[in-house]
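>>> Give me a 3D structure for the following:
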Amino acid sequence: MRIGIAADHGGFELKAKLTSALKAAGHDVVDFGAHELVVGDDYPDFVVPLARAVATGEVTRGLAICGSGVGACVVANKIPGVRAALITESFSAHQGVEDDDMNVMCLGGQVTGEAQSWELVQTFLSAQFKGDERFRRRLAKVTALESEKKSE
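Numbers count the residues shown, from 1 in each chain. Model (predicted):
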């Protein structure tokens, strides 16, 4: 799978570890930065290009990491076509994909440890959207909101 990954200073170390693990697992990883640790950097500078790549299909899924994961999640969800969530436990890591077609998982580099993060990433990547009528109906409502926002 082609996976995009991005992090600011708060997620820089976790991004490096997850990138290595993803490559070792055979994934094609596209790194949207940060490419060096700069304490004053801003998460939108890295998460927005990642989110756009997910929305256009350049990457299949995305991983966005900042200190808490909250900022990365907020900004990722501003990009139409992105369905991002801050994930801290396994149920939501797969249920978010299965029911809501989540395509960006956000993590907190300062709050979620490496081992747990890797477990969550594996769960997220192995999950598949179920596509039931009720789930498609709900996603159509989300897409309509995105279209409404564009026309304002």
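>>> So what sits opposite the residue sitting nearest the centre point of the chain in the bridge?
Nearest to the geometric centre of the chain sits Val104, at 2.5 Å (C-alpha atoms, centre = their mean). Bridge pairing for Val104 (DSSP bridges) gives the partners Gly62, Ala84.
>>> So which bits of the lowest-mean-pLDDT helix or strand in the chain are buried?
Across the helices and strands of the chain, the lowest-confidence element by mean pLDDT, DSSP states H and E is helix 133-151, at a mean of 88. Neighbour-count burial for helix 133-151, counted by 16 or more other C-beta atoms under 10 Å, picks out Leu139. The way it works is simple: take the backbone N, C-alpha and C, and place the C-beta from them, glycine included.
>>> And stretch 31-38, by the same measure?
Buried residues in stretch 31-38, counted by 16+ other C-beta under 10 Å: Asp31, Phe32, Gly33, Ala34.
>>> can you put those in a markdown table and add distance to Lys23?
Below are those laid out as a markdown table (distance: C-beta to C-beta, whole Å):
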| residue | distance to Lys23 |
| --- | --- |
| Asp31 | 10 |
| Phe32 | 15 |
| Gly33 | 17 |
| Ala34 | 18 |
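>>> At which residues are the strands of the chain located?
Under the criterion DSSP state E, strands of the chain are mapped to 2-7, 28-31, 61-66, 84-86, 104-108.
>>> Any chance you could list what contacts the shortest one?
What it means is strand 84-86. Strand 84-86 has contacts (C-beta atoms under 8 Å, 6 or more residues apart in numbering) with 51, 62, 64, 68-70, 72-73, 76-77, 92, 96, 100, 102-108.
>>> Please spell out the ChimeraX selection for the buried subset of these.
Applying 16+ other C-beta under 10 Å to the contacts of strand 84-86, the buried members can be selected in ChimeraX as follows:
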select :51,62,64,68,69,72,73,76,92,96,100,102,103,104,105,106,107,108
